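Novice: Sharing a model that was predicted from the sequence below.
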Amino acid sequence: MARPGAGAREMWNAGMRSRLGEGQQMRIGELSRETGVAIPTIKYYVREGLLPAGRLTSPNQASYDDGHVRRLRLIRGLIDVGGLTVSAVREVLAAVDSPEEPLHEVLGAAQHAITPRPAATPEGMEQARLTVAELIRRRGWRVGPDHPALEKLAVALATFRGVGHGEFEEILDDYAAACERVAAADLAWLGRNAEVDGMVECVVVGTVLGDAVLAAMRRLAHVEASARMFDGAAVEDAGGR
């Protein structure tokens, strides 16, 4: 799907404005107090095309509404919880503001934006890539060869091998089965939102913030599994660490 460049920014902002609600009008100071986002940061987001400008009420005054409040909270969630850069947030919000795109394409665009490219390439990548490709084939997953998560998974597996824990690959199918259940739950939740604009936002929010939920819940499940498998009383006495 198309990414918003500098030349397209004004058209993109116009589309964003048309979808933001009217609601209660407020000045930028009130918007800052309502969202907890500093005024210079709000202005920065406007300059960067993440947030549409307010409606001019005088040459040096603008008013904002509930739509701006919601958009600011979304931006901060993507940055603070999702860990995205401003550049990645711009791409993700472009997906939110493109309801005419097929949802499958929106999901792909969001995933491409939020999947970090590996900072290093460990030894053993060729074999790790083959392992990933075989996993995808075995599970019957319809994933394009350019999806960044493929390389990210290969880097993780190569690193496992490099530190002497290559046997982790023995449970890859268990991981895959669990992730299939998570993905099905994600999309079932998405399907409950009948409005197209809302569905697009759900795709993006669920993809980005869902990663944070999954990581946190996995750690909590580790505590419970450790308690059941090893020594529940000892884990409880230790405060669940």
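Specialist: Arrived safely, thanks for sending. Numbers count the residues shown, from 1 in each chain.
Novice: For stretch 136-144, which residues meet the burial criterion?
Specialist: Neighbour-count burial for stretch 136-144 flags I136 (criterion: 16 or more other CB atoms under 10 Å). In short, each C-beta sits where N, CA and C put it, glycine included.
Novice: State the mean pLDDT of it.
Specialist: Averaged over stretch 136-144, pLDDT sits at 95.
Novice: what's the answer for stretch 160-177, then?
Specialist: When pLDDT is averaged over stretch 160-177, the result is 96.
Novice: For V182, pull up the helix or strand it's in.
Specialist: V182 is part of helix 172-191, with elements assigned from DSSP states H and E.
Novice: ranges for the helices of the chain?
Specialist: Applying DSSP state H to the chain gives helices spanning 9-19, 28-35, 39-47, 66-76, 86-96, 103-114, 125-139, 148-162, 172-191, 196-226, 232-237.
Novice: Return the list of helices and strands in contact with the fifth one.
Specialist: Pointing back at helix 86-96 there. With contacts defined as 3 or more CB pairs under 8 Å, 6 or more residues apart in numbering; DSSP states H and E, helix 86-96 has these neighbours: helix 66-76, helix 103-114, helix 196-226.
Novice: which residues does the residue most central in space within the chain contact?
Specialist: Computing the C-alpha centroid of the chain and ranking residues by CA atoms, centre = their mean puts V208 first, at 1.7 Å. By CB atoms under 8 Å, 6 or more residues apart in numbering, the contact list for V208 reads 77-78, 81-82, 84, 92, 110, 114.
Novice: To what extent is T121 buried, counted in neighbours?
Specialist: Close neighbours of T121, defined as other CB atoms under 10 Å, add up to 11.
Novice: got it, and V46?
Specialist: V46 has 17 nearby residues by other CB under 10 Å.
Novice: Report pLDDT for it.
Specialist: Listed pLDDT for V46 reads 94.
Novice: Let me know whether it touches P52 as I believe.
Specialist: Yes - counting by CB atoms under 8 Å, P52 is a contact partner of V46 at 7.3 Å.
Novice: Find the residue ranges of the chain scoring beneath the pLDDT cut-off.
Specialist: 1-23, 99-101, 103, 193-200, 203, 231-241 (pLDDT under 70).
Novice: again, only this time at 80
Specialist: By pLDDT under 80, the low-scoring segments of the chain are 1-24, 59, 82, 95-120, 190-208, 231-241.
Novice: give me every residue that touches the nearest residue to R117 once chain neighbours are set aside.
Specialist: Sequence neighbours aside, P148 is the residue nearest to R117 in space, at 6.3 Å (criterion: CB to CB, 6 or more residues apart in numbering). The neighbours of P148, taking CB under 8 Å, 6+ apart as the test, are 111-112, 115-117.
Novice: is it possible to export these to JSON lines including distance to A156 and neighbour count?
Specialist: Formatted as JSON lines, the contacts of P148 follow (distance: CB to CB, whole Å; neighbours: other CB atoms under 10 Å):
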{"residue": "Q111", "distance to A156": "16", "neighbour count": "19"}
{"residue": "H112", "distance to A156": "18", "neighbour count": "18"}
{"residue": "T115", "distance to A156": "12", "neighbour count": "17"}
{"residue": "P116", "distance to A156": "12", "neighbour count": "11"}
{"residue": "R117", "distance to A156": "13", "neighbour count": "8"}
